[in-house]
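Peer 1: Provided below for reference: sequence and predicted model.
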Amino acid sequence: AIQPSPTDTSAINTSGSLPIQATLNLQDESWVRVTAAGKTLFEGILQKGMQQSFSAQKELTIRSGNAGAVLVSVNQKEAQPLGKLGAVREVTFTPEQ
């Protein structure tokens, strides 16, 4: 019998995590809405210093009323501001990003 090589299991996600993992770090107060698959995961005001994490299968949309105050780290990448301070911005993240 042919034994499969260990690399055959590399595509299996054993951690149980979803393809999109986003962490928000607030540099100042901001209204934030996070949606995935048409459902609102969170909507409300996040205070300076707060951190929230969200995950989704296909896409994760983050809308902020103070985009520059929201630092977003997706899938362990370096955190970036969602936009400019005081700006309203909506960004959709996918597993490819």
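Peer 2: Yes, it's here.

Peer 1: Could you tell me which ranges of this protein sit under the pLDDT cut-off?
Peer 2: Applying pLDDT under 70 to the chain flags residues 1-17.

Peer 1: let's go with 90 and repeat that
Peer 2: Scanning the chain for pLDDT under 90 picks out 1-18, 95-97.

Peer 1: Centre-most residue in it?
Peer 2: The centroid of the chain falls nearest to residue 22 when counting by C-alpha atoms, centre = their mean (2.2 Å).

Peer 1: residue contacts, it?
Peer 2: By C-beta atoms under 8 Å, 6 or more residues apart in numbering, the contact set of residue 22 is 34, 53-56, 60, 62, 72-75, 93. (Each C-beta comes from the backbone N, C-alpha and C, glycine too.)

Peer 1: Show me which of these are buried.
Peer 2: With neighbours counted using 16 or more other C-beta atoms under 10 Å, those contain these buried positions: 34, 54, 56, 60, 62, 72-74, 93.

Peer 1: What is the nearest of those residues to residue 46?
Peer 2: residue 34 (10.1 Å; C-beta to C-beta).

Peer 1: May I ask which helix or strand encompasses that closest one?
Peer 2: strand 30-36 (DSSP states H and E).

Peer 1: ok, and for that strand, which residues are buried?
Peer 2: By neighbour count on 16+ other C-beta under 10 Å, the buried set for strand 30-36 is 30, 32, 34-36.

Peer 1: between the residues you listed, which is nearest residue 67?
Peer 2: residue 30 (7.6 Å).

Peer 1: What's opposite the closest one in the beta bridge?
Peer 2: Residue 30 has these beta-bridge partners by DSSP bridges: residue 46.

Peer 1: and if you look at residue 40?
Peer 2: Beta bridges link residue 40 to residue 35 when assigned by DSSP bridges.

Peer 1: Residue 34 is in contact with that one, correct?
Peer 2: Yes - look at residue 40 against residue 34 with C-beta atoms under 8 Å: they come within range, at 7.3 Å.
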